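Peer 1: make a model of this:
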Amino acid sequence: MIIHEKLAHLSSKQIIQLMDEYYAGVRVKKLIEEYKVNCRPNDLHKYFPPIVLDKKCPICGVSVKPFEKVVAKYNGKHLCKACANKLSSSGVNLISLKNNGLDELQKIVGTSNELQENRRFKMSQFNITKNLGGFLYVDEGNKKIGIPLNSNVSEEFEVFDYSDIISYEIIEDGQTLATGGLGRALIGGAFFGLAGAIAGGTSKKIKSTCNKLQIKVNINNMNRPTMYINLIESLNVKKSGSIYKSASSIAQDIISILEIISHENEVSKNSSSSDSIAEEIKKYKELLDIGAITQEEFDAKKKQLLQL
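Peer 2: From the prediction side, this is the model:
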């Protein structure tokens, strides 16, 4: 392991611990003070030694990038952020993971054999008619979408019906820029560009860089109630650069697709409601015809159903 002079006073074990804590989200100023590193907070990551990237998460088997690794381990191997978040949100204690069986943990994060087989069957029936940069797939004929499993552009994705989509939001460095979904208009700056959303949504100083840009999709699905589409996961990506501009463009395309889907869901919901009302009126008309209710009772019920 090649050690930068800024970290030369630390042992290999200390450097690994420092990196683990850094990528787990510990405050950089605290790390600099604790490990006595003479540098600016924004520069600390630049002095980290290179890490082999072929290590895999012990739960889902996905390759773990340095910035995706967390302190939590299972069988001596670091979990990816996605699995750690899902387990933690499900009430699993990340400190005592060894007390849980692998099958149990995989079922919680949605990577058990049964769920994998079901997902791959759905993928085999999925006909991609739109591909938004590998971050979102659309099957317009069957009214389904596919969202990649992990933060990398993945070959495997989860398939959901249009009707499963509840709501969605664009999040940049923890700040929600725009939200939308069934029964609600898009709120935020998707029509004006992401930079416009930030400018319009806060009086704080606008940052010139971005560390994370993602779309959160809330879904009517017990196994996958929330999916994240991670467009940027790198430190200090300049907003004036091509990476941010490309990610922003894809984000707006994805939001536009989700808006169209939400509109279709709304139309379908209203149509179903109208059909239901018509069926109810028909039932009361039949009761009127056989003399089970009076004309006045029928008229009152009809008025109530039609909200007149």
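
Peer 1: in a helix, Val119, correct?
Peer 2: One correction, residue 119 is Arg, not Val. Yes - when DSSP: H, G, I helix; E, B strand; the rest coil is applied, Arg119 is found to be in a helix.

Peer 1: quick one: residues contacting Lys216.
Peer 2: Counting by Cβ atoms under 8 Å, 6 or more residues apart in numbering, Lys216 makes contact with Tyr168, Glu169, Ile171, Thr226, Met227, Tyr228. Backbone N, C-alpha and C define where each C-beta goes, glycine included.

Peer 1: next one: Gly174
Peer 2: Listed by Cβ under 8 Å, 6+ apart, the contact partners of Gly174 are Lys212.

Peer 1: residues near Val138, how many?
Peer 2: 22 (other Cβ atoms under 10 Å).

Peer 1: which residue ranges of the stretch 51-200 of the chain form strands?
Peer 2: According to DSSP state E, counting those that start in this stretch, the stretch 51-200 of the chain carries its strands in the segments 69-74, 77-80, 130-131, 137-139, 144-148, 157-161, 165-172, 175-181, 184-188.

Peer 1: got a markdown table for those strands, with distance to Glu264 and mean pLDDT too?
Peer 2: Compiled in a markdown table, the strands of the stretch 51-200 of the chain are given as follows (distance: least, Cβ to Cβ, whole Å; pLDDT from 0 to 100):
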| stretch | distance to Glu264 | mean pLDDT |
| --- | --- | --- |
| strand 69-74 | 38 | 73 |
| strand 77-80 | 34 | 82 |
| strand 130-131 | 14 | 92 |
| strand 137-139 | 12 | 94 |
| strand 144-148 | 12 | 92 |
| strand 157-161 | 11 | 91 |
| strand 165-172 | 10 | 91 |
| strand 175-181 | 13 | 85 |
| strand 184-188 | 15 | 56 |
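
Peer 1: Ser234 is nearest to which of the ones you listed?
Peer 2: strand 165-172 (13.1 Å; Cβ to Cβ).

Peer 1: so which elements touch that closest one?
Peer 2: In terms of contacts (3 or more Cβ pairs under 8 Å, 6 or more residues apart in numbering; DSSP states H and E), strand 165-172 is packed against strand 175-181, strand 184-188, helix 194-201, strand 213-219, helix 242-289.

Peer 1: quick check: angle from the fourth one to strand 165-172?
Peer 2: In other words, strand 213-219. Regarding strand 213-219 and strand 165-172, their directions subtend 160 degrees when assessed with axes from the mean of the first three to the mean of the last three Cα atoms, to 10 degrees.

Peer 1: go on, the first one?
Peer 2: Taking the same axes, to 10 degrees, one finds that strand 175-181 is oriented at 160 degrees with respect to strand 165-172.

Peer 1: buried residues in strand 175-181, which are they?
Peer 2: Residues of strand 175-181 classed as buried: Leu177, Ala178, Thr179, Gly180, Gly181 (neighbour count, 16 or more other Cβ atoms under 10 Å).

Peer 1: for it, name the packing helices and strands.
Peer 2: When contacts are defined as 3+ Cβ pairs under 8 Å, 6+ apart, strand 175-181 packs onto strand 165-172, strand 184-188, helix 194-201, helix 242-289.

Peer 1: and stretch 134-151, how far from the chain's centre?
Peer 2: 13 Å (Cα atoms, centre = their mean, to the nearest Å).

Peer 1: name the residues that touch the helix or strand Lys29 falls within?
Peer 2: Secondary structure assigned from DSSP states H and E places Lys29 in helix 28-35. Outside of helix 28-35, the residues that reach it under the criterion Cβ under 8 Å, 6+ apart are Leu10, Gln14, Leu18, Glu21, Tyr22, Val37, Cys39, Pro41, Asn42, Leu44.
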